[in-house]
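A.B. asks: could you work out the structure for the sequence below:
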Amino acid sequence: MPLNLHHIDRAMTMQSHSSWIVLSITAFYMLSLALISFGVRRHSRSANNYTTGGGHFPAFLIGFLMLSEFIGTAVSIGTAQTGFKTGISAAWNLFALALGFVLFAWLLARKYKDLGDNTISGVLSRNYGQKTRFATSIITIFALEIVAVSIYASGGAVLASVLQVDRTLAIIIVGVVSVLYVSIGGMRSVIYTNFVHASLKYLGVGLTLWFGLKQVGGIGALQTQLPKSMFDWTAIGWGQIIAWMIAGIGSIFSTQYVIQAVNTVSNAGKAQRACFYCAGLMIPFGIGAALIGMCSAVLFPQVDSLQAFPRLIASMDQLTAGLVVAGLAGSLFGTISAVSMGSATLLLRDFYEPWFNPEKSDVKSLRFVRLATIAVGLLPIALALTSDKVLMIAFLGKALRASLAVLVLMVFYAPKFGTPKAAFISIIASLVATVGWFLAGNPWGIDNAYIALFTPLVIMSIGHVMRRGTPPEPIAPSAIRVEAGH
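C.D. replies: Numbers count the residues shown, from 1 in each chain. Predicted structure coming up:
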């Protein structure tokens, strides 16, 4: 089947004159989600309920909750962008995340749930002390803010292309609306709305892939119109694939939002099942996003690779495009809610309450966590205005968390290894070295994820050899009792 370029050009012309239809559908969708948030806001009238959801939830719901954060707009646009350039092997970044959730279910979900602590910094401080707690919070918040930059950049690219508006204006709109949406109902509203987000996002990717394949003439025609290397599952290179695995698996092991999510189910078995649900949904999503980029490579070979996904959406009829954009917008807000909620929780537990609210006044804590949610949501907008390498930036944020994953595994499986001082130094050194390596352009082709992985391993090993005195006792999660939400 020949390319229907006339239909595509005509659709683009129609789209430029009727983007208000897409905007109206998206606005209606977001209004519906806002109503859900208002409906459950009564469960967020205390700081603890605001950050935990105030109850227990089914495993499949929490599986979708975790999925929504990891299939956000940055990953969707970024995977299509990489698929546009290298082909089907771009899907490996989602495969790496799926593997990460399987390993998390086997190795850590039960331990996190049994421990009962809903902050990554709280877990590490049990073995390595308060200095490590503060350093962990700082690197986690920094990593989450980097992820937010990629989210805003990709969300702005979608809205700018489909709604025919300036990219800078689109990013600002995305940021402001996201912050307003997140601050309404806390964790419970995030759980319910992110289920809707993930479902519609799946539908949107499916519709876009169907449209793209229809325009190129089907999967067979796609194969004839692209180089054979585009269908090589390892074309991206094993070095990049392994780097994605390190960054993806590491980020899942130490993501604040994931830890909060597994603590919203009633028992460890449900926490594990939620992870398996999430992993199973990752794989087809990754393949679909990569194929969308490949379709765009045939249909629009001259466009910037970042526009691979948005350009295809802009070619669709208004109703279908509206559904796709609503799904992308929903996933955008869903991921921002994850990032903002995780960062705000850390700021509350590790900085505000110990230093400024030692009496634990709930009124003060609730006021602070709401304001913190708004602040951490707005900060990344400026950087997003100059960001174009979406997937690379997203995985820098994941790589930074990989260094924390090394320490998490040591806490649970090798608590006598290293020292608290070495743990603190390794966190600071990992932050500096990983970001520095990224800014240097990943010299000699070595991805920054490797730097994030090996920096804490080397420093903890040196600390272990040089330590003096008695090492800390192993953690016994079943024997620890903590206050809910701390």
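A.B. asks: quick one: residue 193 and residue 31 touch, right?
C.D. replies: No: Residue 193 lies out of contact with residue 31 (CB atoms under 8 Å); the separation is 12.0 Å. Using the backbone N, CA and C atoms, a C-beta is placed for each residue, glycine as well.
A.B. asks: which one of those two is surrounded by more residues?
C.D. replies: residue 193 (27 against 9; other CB atoms under 10 Å).
A.B. asks: what about the more buried one, which SS state?
C.D. replies: Counting by DSSP: H, G, I helix; E, B strand; the rest coil, the backbone at residue 193 sits in helix.
A.B. asks: and residue 257, what is it in contact with?
C.D. replies: 66, 69, 338, 339, 341, 342 (CB atoms under 8 Å, 6 or more residues apart in numbering).
A.B. asks: try it again at 7 Å.
C.D. replies: Shown in contact with residue 257 (CB atoms under 7 Å, 6 or more residues apart in numbering): 69, 338, 341, 342.
A.B. asks: quick check: the second one vs residue 332, distance?
C.D. replies: Read it as residue 338. Using CB to CB, to the nearest Å, one gets 11 Å for the distance from residue 338 to residue 332.
A.B. asks: and the third one, by the same measure?
C.D. replies: In this structure, residue 341 and residue 332 are 15 Å apart, going by CB to CB.
A.B. asks: so what does the helix or strand hosting residue 150 touch, helix or strand wise?
C.D. replies: Under the criterion of DSSP states H and E, residue 150 resides in helix 130-162. Under the contact criterion of 3 or more CB pairs under 7 Å, 6 or more residues apart in numbering; DSSP states H and E, helix 130-162 touches helix 73-86, helix 120-128, helix 167-182, helix 308-314, helix 318-347, helix 381-384, helix 390-413, helix 420-439.
A.B. asks: need those helices in CSV (columns: mean neighbour count).
C.D. replies: Below are these laid out as CSV (neighbours: other CB atoms under 10 Å):
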stretch, mean neighbour count
helix 73-86, 28
helix 120-128, 24
helix 167-182, 20
helix 308-314, 26
helix 318-347, 26
helix 381-384, 18
helix 390-413, 25
helix 420-439, 20
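A.B. asks: including mean pLDDT and distance to residue 110, could these go into CSV?
C.D. replies: Listed next are those as CSV, based on pLDDT from 0 to 100; distance: least, CB to CB, whole Å:
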stretch, mean pLDDT, distance to residue 110
helix 73-86, 85, 27
helix 120-128, 87, 14
helix 167-182, 75, 30
helix 308-314, 85, 37
helix 318-347, 78, 21
helix 381-384, 76, 37
helix 390-413, 77, 10
helix 420-439, 90, 23
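A.B. asks: nearest to residue 225, out of those helices?
C.D. replies: For residue 225, the closest of the helices and strands packed on helix 130-162 is helix 73-86, at 13.5 Å, according to CB to CB.
A.B. asks: I'd like the next helix or strand past that closest one.
C.D. replies: helix 92-107.
A.B. asks: list the buried ones in that next one?
C.D. replies: Residues of helix 92-107 classed as buried by neighbour count (16 or more other CB atoms under 10 Å): 92-105.
A.B. asks: which one of the helices and strands packed on helix 130-162 lies closest to residue 367?
C.D. replies: helix 318-347 (11.9 Å).
A.B. asks: could you give the angle of the closest one to helix 73-86?
C.D. replies: Orientation of helix 318-347 against helix 73-86 (axes from the mean of the first three to the mean of the last three CA atoms, to 10 degrees) gives an angle of 120 degrees.
A.B. asks: tell me the angle helix 318-347 makes with helix 120-128.
C.D. replies: Compare the direction of helix 318-347 with that of helix 120-128 by the same axes, to 10 degrees and you get 30 degrees.
A.B. asks: on that earlier part again, can I get the helices and strands packed on helix 130-162 in JSON lines including distance to residue 294?
C.D. replies: Compiled in JSON lines, these are given as follows (distance: least, CB to CB, whole Å):
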{"stretch": "helix 73-86", "distance to residue 294": "5"}
{"stretch": "helix 120-128", "distance to residue 294": "37"}
{"stretch": "helix 167-182", "distance to residue 294": "24"}
{"stretch": "helix 308-314", "distance to residue 294": "9"}
{"stretch": "helix 318-347", "distance to residue 294": "17"}
{"stretch": "helix 381-384", "distance to residue 294": "26"}
{"stretch": "helix 390-413", "distance to residue 294": "15"}
{"stretch": "helix 420-439", "distance to residue 294": "27"}
